[in-house]
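Enquirer: coordinates for the following, if possible.
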Amino acid sequence: MTRVFLAFSLAASVFLSFACIEKGGNTPTADTGNTIKVGVYVDLTGATSSFGQSTKNGIELAIDEVNAAGGVNGKKIQLVIEDDQGRTEQAKTVVEKLIKQDKVVAVLGEVASSNSLAAAPVAQEAKIPMITPSSTNPTVTQKGDYIFRVCFLDDFQGSSMAKFAANTLKAKTAAILGDVNSDYSKGLTEFFEKEFTKLGGKVVAKEAYTQTDPDFKGQLTKIRNLNPDVIYVPGYYGQVGIIARQARELSMNMPLLGGDGWDSPQLWSLGGEALKNTFITNHYTADDPNPVIQNFVKAYKAKFGGVSPDSLAALAYDAAKVLADAIKRAGGTDSAKLRDAINATKDFAGVTGVISINAERNAIKPAVILEVKPDTKQLLVKETIYPEGMTAPATTTANSNTNANMNTMANGNTNTNTNANSNANR
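Expert: Next up, the predicted model:
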């Protein structure tokens, strides 16, 4: 009887311990032995798989470098990677699996804001820190105090492109063609329209599509009849490449404007020469001559068969490095201490810029306006736009670039001409 009672007690204690762990307390369940488990969830087989692959690659490169340098606090980081297929319900499911079954101490992902919004409540409830490299919808980090990001937000990105359209391109009218089912696209639409109108411009048309639409000529024809100065297409590469081709086929040669969702190696084959006279907001460009960026590009190409890293790869690399740095500063993987360490990130020198996390768990950093050059397959910096309260660093001889005359918008409202290196935001 004593043996039966002891066995029952032991089983009960194990069950209760497991239950406590599943609720995501401060127990570092995946920080055992010589490894620290970190979860990654991305789209590897769905409509935005190029984003997911780039994100996965960037994270793997960063963690390889961390582990090669001795790991964190003497332990190596082990990645547990899940494919969410680009679907919101699957994003939630795989994050539940990473936390409850794999016992990861933190989660990296997603790219699409809709997927991050679906998964964030799971991480928040479990008290497992989550860092999204590139979900820009403002509401993502509002899901709780364990949710972070290392990219700028859609309100800043949308307003930055509106400033470029009104102040640099001198556009008076604009049309918007956005994805009606995408939180990312809807957010950019809202903030572009608000800022463009504030600057005296007029949005003459707002047309919609979905990611599954094969043809966009109906919407484009309606826009053509209104002859706007610019068309804002806040979507993902899979659709915007086709939209660009069809717009040019309809003799619509006005500038096409977009966001960081355009940035993918597949954009060149999808859009081709139709991408001439197009501009996007972004976080960085692999064509920047800054040594920090070029060292990253070199390492990425060496690991991934010569493929150039897009902004998603760079942001993912930075997110993984920020997490590793926070684990080190936290002295371990206690969830509350790790959360506080991530939140205390200040002036972290990343590939996509100097990263500081504010009280809302968002990154404060500038945006770059890039001109899409299909003939050379390059994204060239046209302007750097800084958020309120952040000023451009002083230009020095060491970082000046006589081949580029950049128009920099400091604090979002002051234009200054400076003969500066395209990495003026570092």
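Enquirer: residues contacting Q211?
Expert: Residues in contact with Q211, defined by C-beta atoms under 8 Å, 6 or more residues apart in numbering, are A47, D179, N181, S182, Y236, G238, Q239. All C-beta spots, glycine's among them, are computed from the backbone N, C-alpha and C.
Enquirer: same thing with D347?
Expert: V354, I355, S356.
Enquirer: same check on G201?
Expert: A162, A165, A166, A171, K172, T173, A174.
Enquirer: again, 6 Å this time
Expert: A166, K172, A174 (C-beta atoms under 6 Å, 6 or more residues apart in numbering).
Enquirer: out of the residues you listed, grab the one that's most surrounded.
Expert: Most neighbours among the contacts of G201, by other C-beta atoms under 10 Å: A174, with 29 neighbours.
Enquirer: now the contacts of D347 in TSV, please, with extra columns for pLDDT and secondary structure.
Expert: Compiled in TSV, the contacts of D347 are given as follows (pLDDT from 0 to 100; DSSP: H, G, I helix; E, B strand; the rest coil):
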residue	pLDDT	secondary structure
V354	88	strand
I355	92	strand
S356	93	strand
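Enquirer: what comes up buried for stretch 266-279?
Expert: When neighbours are counted by 16 or more other C-beta atoms under 10 Å, the buried residues of stretch 266-279 are found to be L267, W268, L270, G271, A274, L275, K276, T278, F279.
Enquirer: re earlier: closest one of the contacts of Q211 to R87?
Expert: Comparing the contacts of Q211 against R87 with C-beta to C-beta places A47 closest, at 9.2 Å.
Enquirer: touching, that closest one and Q85? I think so.
Expert: No: with contact defined as C-beta atoms under 6 Å, A47 does not reach Q85; the gap is 8.9 Å.
Enquirer: between those two, which is the more surrounded one?
Expert: Per other C-beta under 10 Å, whichever of A47 and Q85 has more neighbours is Q85, with 19 against 16.
Enquirer: if we ignore the residues flanking it in sequence, what's nearest D154?
Expert: Counting by C-beta to C-beta, 6 or more residues apart in numbering, D154 lies nearest to G187, which is 3.7 Å off, once chain neighbours are set aside.
Enquirer: show the subsequent helix or strand relative to whichever strand or helix holds that neighbour.
Expert: For G187, the host element (DSSP states H and E) is helix 183-198. Per DSSP H and E, the first helix or strand lying C-terminal to helix 183-198 is strand 202-209.
Enquirer: so which bits of the helix or strand that that next one is followed by are buried?
Expert: For strand 202-209, the succeeding helix or strand toward the C-terminus, using DSSP H and E, is helix 217-224. Neighbour-count burial for helix 217-224 flags Q219, L220, I223, R224 (criterion: 16+ other C-beta under 10 Å).
Enquirer: need the residues that contact stretch 44-51.
Expert: By C-beta under 6 Å, 6+ apart, the list of residues contacting stretch 44-51 reads 43, 52, 83, 85-86, 111-112, 211, 236, 238, 264, 266, 312.
Enquirer: quick one: end-to-end distance for that stretch.
Expert: 8 Å (C-alpha to C-alpha, to the nearest Å).
Enquirer: the closest residue to K382 other than its chain neighbours in helix, strand or coil?
Expert: Of all residues not flanking K382 in the chain, I369 sits nearest, at 4.6 Å (C-beta to C-beta, 6+ apart). Going by DSSP: H, G, I helix; E, B strand; the rest coil, the secondary structure assigned to I369 is strand.
Enquirer: hang on, isn't I369 packed against A162?
Expert: No: using C-beta under 6 Å as the test, I369 is too far from A162 to be in contact (11.2 Å).
Enquirer: looking at these two, which is more packed in?
Expert: Using other C-beta under 10 Å as the criterion, I369 and A162 rank with A162 on top: 28 against 24.
Enquirer: in three-state terms, label the more buried one for me.
Expert: helix.
Enquirer: give me the low-pLDDT residue ranges for the chain?
Expert: Scanning the chain for pLDDT under 70 picks out 1-32, 392-426.
Enquirer: centroid-nearest residue for it?
Expert: S134 (1.4 Å; C-alpha atoms, centre = their mean).
Enquirer: quick one: that residue from K143, how far?
Expert: Here S134 is placed at a distance of 16 Å from K143 (C-beta to C-beta, to the nearest Å).
Enquirer: in a helix, that's where L379 is, yeah?
Expert: No: looking at L379 with three-state DSSP, it is strand, so not inside a helix.
Enquirer: hmm, it is touching E371, no?
Expert: No: applying C-beta under 6 Å, one finds L379 not in contact with E371, separated by 7.3 Å.
Enquirer: of those two, who's got more company?
Expert: It is L379, of L379 and E371, that has more neighbours when counted by other C-beta under 10 Å, with 24 against 18.
Enquirer: who's in contact with that one?
Expert: Per C-beta under 6 Å, 6+ apart, neighbours of L379: T285, L370.
Enquirer: if we go to 10 Å?
Expert: 262-263, 267, 279-280, 282, 284-288, 310-311, 368, 370-373 (C-beta atoms under 10 Å, 6 or more residues apart in numbering).
Enquirer: do the same with A363
Expert: 131, 141, 148-153, 283, 315, 318-319, 322, 345, 348, 350, 352-357.
Enquirer: redo that, cut-off 8 Å
Expert: R149, V150, C151, F152, I355, S356, I357.
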